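# Compute the structure for the input listed below.
(chains A and B)
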2 protein chains.
Amino acid sequence: MEKVFASIITIGDELLIGQVIDTNSAWIAQELNKTGIAVKNRVAVGDVWEDIWQALDAESKKASIVLITGGLGPTADDITKPLLCEYFGGKMILHEETLAYVTFLFEKVFKRPMIERNRKQAEVPDVCTVLKNEKGTAPGMLFEKDGVIFISMPGVPHEMKWLMLHHVLPLVEKRFTRGVIRHSTLLTAGIGESFLAEMIADIELSLPSHIKLAYLPNYGMVRLRLTASGTNAALLEHELSGYFNQLLERTKDYLVIDEDIPMELVVGKLLKARNQTLSTAESCTGGYIAHVISKHSGASAYYTGSVVSYDNRIKTDVLSVPSHVLETVGAVSEATVKQMAEAVRKIMKTDYAIAVSGIMGPAGGTDTKPVGMVWIAVASTEKTIAQVFNFRFDRARNIELTATNALNLLRQLILGKL
Amino acid sequence: MEKVFASIITIGDELLIGQVIDTNSAWIAQELNKTGIAVKNRVAVGDVWEDIWQALDAESKKASIVLITGGLGPTADDITKPLLCEYFGGKMILHEETLAYVTFLFEKVFKRPMIERNRKQAEVPDVCTVLKNEKGTAPGMLFEKDGVIFISMPGVPHEMKWLMLHHVLPLVEKRFTRGVIRHSTLLTAGIGESFLAEMIADIELSLPSHIKLAYLPNYGMVRLRLTASGTNAALLEHELSGYFNQLLERTKDYLVIDEDIPMELVVGKLLKARNQTLSTAESCTGGYIAHVISKHSGASAYYTGSVVSYDNRIKTDVLSVPSHVLETVGAVSEATVKQMAEAVRKIMKTDYAIAVSGIMGPAGGTDTKPVGMVWIAVASTEKTIAQVFNFRFDRARNIELTATNALNLLRQLILGKL
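Next comes the predicted model:
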C-alpha cells in the first residue's frame, strides 16, 4: 500500500524572527502519525506573499495533504486568506454561518462589541469548504487542487487542536486508504547513547527494512523507539513486539519504563499503584519540579505540594535547616537537602519527599561549588538518601536535568533500589 | 543594500513524528535577526537521504546562508555527515584535532571509556572547515558552494548555541555586508487584538514600506512590534523611534512596558527598583508561577519562594486557611486566596504576595465553579485585593494565563493602580 504523506506549513513573521516557538507542528505530527500518515516536511515561512505561494507549490508536490497554520488573524499583517483565495482561483464571500457564530461569540462569550475587522473573519473564499471553529472567530478552510487537499487553520494552539480533532483527522482518516504505522518506545537512564548503541548493535542490524530504530537522548536519559510500517495491523504488531521484547531484555539493567511517558508520570504511576504520596522542597529549581508533577491532570491523587525555599531564610524558617548548617557547609550540601526533604515530608505528611539545592548558573558558582553542582535528597518513612550531581549546561537545561534526576532518584527509592 | 537571507534546515525523524519540539530554530532566528540577517525559511526534514539532499538544493537557491542542525550523533540513524560529504564532493578523513578533543572529553570529563563510535565523530569530509565544538563530541562543519555557505551543527541545544555564538555569528557578521534591522516592541494588557488594531489604524497606515508592524497576541496580552530595515543605523533608529513614540502615546492606557521582556521581568524590575520582595502561594498553578519568576538568573534579589498548597490540607496546615472556609465557600474562593496571600506574605516576610486557586481542567469543574475559573489575590503591607478570572482554554494554557494575569495584577498593585 502506498504511503500517504503530509506537509505542514506554518505562517508568520514571528516564527522567523524567533519570537514564538512552534509547538503546533510537533502536536500535528504526533496526531497524524497515530493515523498512519507520515509528515514529509515542516516549513515555516513569513507573512510574505511569494514565500507562502512558493511553499504551497513546493509542498503540494511532495505530499497529498498540506496543513497550513497561522496568518488568519483580524489584523493587517495576516495575508493568508486573500492569498489562498487567489491561489485557488476563488472570490471572497460572506459565510453566514460563520458570521452568526462570530456574532454569538462577541455577544455571549467575549461580551465585547463586534467591529468591522471581526466581521471580516466570516469572509471566506467561495472555493473552500468551511470547517467550523468552535474555539474562535477564524474558521478552518479546506481546498482541493490536483488531488491534493489543503487545510488552513488558525495558529492559536487550542483553536488549531480543536479543528484537527473535530474536522481534519476524521476527514483524512476517511479519505486516505493508507498503511499502518506502529511505534514502541522504551526509556533508559544511566547509560550513554553510544554505549546503548553498542549494547544493542546486533538487534539493530537484524531489523527488517520496514522497522526503524531511533535514539532519542534527552536530559541524561535515552529513549529507544521502534517504528514499523506495513499493511496488516495484527501481523505488524506481532512482529514489532518480537523486536521490542529483545530490546527490553537487552537493556533491562537501565530500563525505566516500556512506554513513551515522561519521568514524572513514571513516578506518578508507582505512587498511585501503592496509594502513596509525595511532597517536594525546592531551592534551585524554584518550583519547576512541582510544576512538572502538577501539570498533569490527576496529580492530586499523589502529590500534596512544595515549599519553594528560594531564599535561605525560608530554609531556616519553614524547613528548619539549622543556621549553623547554612553557615558551615552551606545551602548546597548534603546536610541541607537531607533536612529539607525530611522537614517537608513531615510538614506535608507524605510517604516520600524530594529536596534539591544547587547552583543553576550562569552566576553563583565558586571553586568548590561550581555552576551545575546540585545536591538531591529523597526521603521515605525509613530513610533519606542524598546524591550530588554536576551538570554542565545552561540555566534552563540544568533546571530540567535536576528535576528529571530527582524524580529518577525517587523512582529508585520507591523500587527499593537505593 | 541587498538583504542577506538565511534558511534553517533541522534534521531528524523525531521532529516529524512530533517527539521533539524545535526550540533551536527560534533561537537561531533571534540571533541572526540581531545581526541584520533575515530568516527566509525554516524547514524540518526526516533522516531520509533524498529529503535532506532536496532541502539543501532548495534552500541554497533561496538564501546565502544555510544553517543545518541535527543528525550528527554517534548512532546509525544519523546520516547527515556522510550525506554532506557526498553533496559537496569530498571524502571522509580523520580530523586529528577533533579526535584529541573527543579523547580528552571521554578521559577527563565524561570519565568513560571511548569506543569506536565515538572515534567516528572525529571523522569529517575533507572539503569542510571544521568548527571546534567545545561543548560536545560532534564538531561544526562549514561548506561552500556557488557562493552559498552551509554550516552543519549538532541538534543538542547547548552545543548548537555554543557553535553559533563562537563561530557562526562572528563569521557571518564578518562575511556579509548587509543592511540594518531594528525592532521596537511594546506590551499591552487588557485590550483585544482587533480593538488595538482599530485604535492605531491611522499610525499603521502611515508607516513607510520599510517599517512593518506586527501584532503578537499571547495569553491575554498583545505585543506590538515595529521592524525597520535600512542601511544607516542612526537614521533608521531615529525614524523608528518617531513611529514607536506615536504607538506608545496612543496605547498608553493599556501599556505595560516599552520593551520586549516577559511580564515576570516587568514585575521583577519594579520590585528591584523599589528594593522590595515577593512570595507566592499557589494551588492550581502548582509551582508554575514560582518557576516563571525564578527561571531568570537574579530573581533571588526580590523573590523569596512559594508554598505550593496543591492539597487542601496544606492550605490549612501551612497557610492557615480555616477549615470552615474550605468547607463553606471552598478552595476556589475570594476568602481562600486572600488568606493564602496574607499568610505566605507573613511566613516569608515579604512586601508583596501573590496567591492563586482555581480549576485548570480538564477535570474538576462544577456548575458554579467551571473549568477555567480562578481566584487571584495580591497582597501588600497595606491591602489585599482579589479578582476572579474565567479562562476558556486547555490545562497548560489556563496555567500560563493564570500566571501572567496574577503577575499583571501585582504590577497594578505595586504601581498603585488597584
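# residues touching A:Ala214, list them.
A:Leu224, A:Arg225, A:Thr227, B:Asp13, B:Glu14, B:Asp47, B:Asp77 (Cβ atoms under 8 Å, 6 or more residues apart in numbering or on different chains). For the C-beta atoms, the positions are set from N, CA and C on the backbone; glycine is no exception.
# same thing but 7 Å
If a contact means Cβ atoms under 7 Å, 6 or more residues apart in numbering or on different chains, then A:Ala214 has A:Arg225, A:Thr227, B:Asp13, B:Glu14, B:Asp77 as its contacts.
# Across the sheet, point out what pairs with it.
A:Arg225 (DSSP bridges).
# tell me the pLDDT at it?
On pLDDT, A:Ala214 comes in at 84.
# hmm, back to that, please identify which of the contacts of A:Ala214 is nearest to B:Leu415.
B:Glu14 (45.1 Å; Cβ to Cβ).
# Run through the neighbouring helices and strands of the helix or strand hosting A:Phe389.
Using DSSP states H and E, A:Phe389 sits within strand A:384-390. Strand A:384-390 is packed against helix A:334-347, strand A:373-379, helix A:395-414, with contacts defined by 3 or more Cβ pairs under 7 Å, 6 or more residues apart in numbering or on different chains; DSSP states H and E.
# strand partners of it, parallel vs antiparallel please.
Strand A:384-390 is paired, per DSSP bridges, with strand A:373-379 (antiparallel).
# would you put the C-alpha positions of the strand it pairs with in PDB?
Extracted C-alpha coordinates of strand A:373-379, given in PDB (Å, rounded to 0.1, in the frame of the first residue of the first chain):
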ATOM      1  CA  MET A 373      26.500  21.400  41.100                       C
ATOM      2  CA  VAL A 374      23.300  20.100  42.700                       C
ATOM      3  CA  TRP A 375      22.600  18.100  45.900                       C
ATOM      4  CA  ILE A 376      19.400  16.000  45.600                       C
ATOM      5  CA  ALA A 377      17.800  14.100  48.500                       C
ATOM      6  CA  VAL A 378      14.900  11.700  48.500                       C
ATOM      7  CA  ALA A 379      13.300  10.600  51.800                       C
END
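# what about that strand, average pLDDT?
On average, strand A:373-379 scores 98.
# residues from the stretch 151-300 of chain A in reach of chain B?
A:158, A:192-194, A:197-198, A:204, A:213-216, A:286-288, A:290-291, A:294-295, A:297, A:300 (Cβ under 7 Å from any Cβ of the partner chain).
# Now, those residues that are in helices?
A:His158, A:Glu193, A:Ser194, A:Ala197, A:Glu198, A:Glu204, A:Tyr288, A:Ala290, A:His291, A:Ser294 (DSSP state H).
# What about the third one, how many residues nearby?
Just to be clear, that refers to A:Ser194. Neighbour count for A:Ser194, taken as other Cβ atoms under 10 Å in any protein chain shown: 24.
# hmm, back to that, rank the helices and strands packed on strand A:384-390 by mean pLDDT and give me the bottom one.
Taking the mean pLDDT of those, helix A:395-414 comes last: a mean of 94.
# Confirm A:Lys269 sits in a helix?
Yes: when DSSP: H, G, I helix; E, B strand; the rest coil is applied, A:Lys269 is found to be in a helix.
# Counting neighbours, what do you get for it?
Residues near A:Lys269, counting by other Cβ under 10 Å, number 15.
# tell me the domain ranges of chain A?
Annotated domains of chain A cover A:5-175, A:180-257, A:263-414 [automatic domain parsing].
# quick one, which of the ones you listed is packed in tightest?
domain A:263-414 (a mean of 21; mean count of other Cβ atoms under 10 Å in any protein chain shown).
# for it, how far is the first residue from the last?
13 Å (Cα to Cα, to the nearest Å).
# same deal with stretch A:57-68?
13 Å.
# ok, and what's touching it?
Here stretch A:57-68 has contacts from A:4-9, A:11, A:28, A:37, A:40-41, A:43, A:56, A:145, A:148-153, A:172, A:176, using Cβ under 7 Å, 6+ apart.
# Tell me the one among the contacts of A:Ala214 nearest to B:Ile21.
For these, the nearest to B:Ile21 is B:Glu14 (9.9 Å; Cβ to Cβ).
# Now do A:Thr75, the pLDDT please.
For A:Thr75, the predicted pLDDT is 66.
# got it, and A:Asn275?
A:Asn275 is given a pLDDT of 98.
# which SSE is the closest residue to A:Ser323 other than its chain neighbours in?
Of all residues not flanking A:Ser323 in the chain, A:Thr316 sits nearest, at 5.7 Å (Cβ to Cβ, 6 or more residues apart in numbering or on different chains). Counting by DSSP H and E, the element that carries A:Thr316 is helix A:312-317.
# For that helix, list the C-alpha coordinates in CSV.
Extracted in CSV, the C-alpha atoms of helix A:312-317 (Å, rounded to 0.1, in the frame of the first residue of the first chain):
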residue,chain,number,x,y,z
ASN,A,312,17.9,30.7,52.5
ARG,A,313,15.8,32.3,55.2
ILE,A,314,12.9,30.1,54.1
LYS,A,315,15.1,27.0,54.5
THR,A,316,15.6,28.0,58.2
ASP,A,317,12.2,29.4,59.0
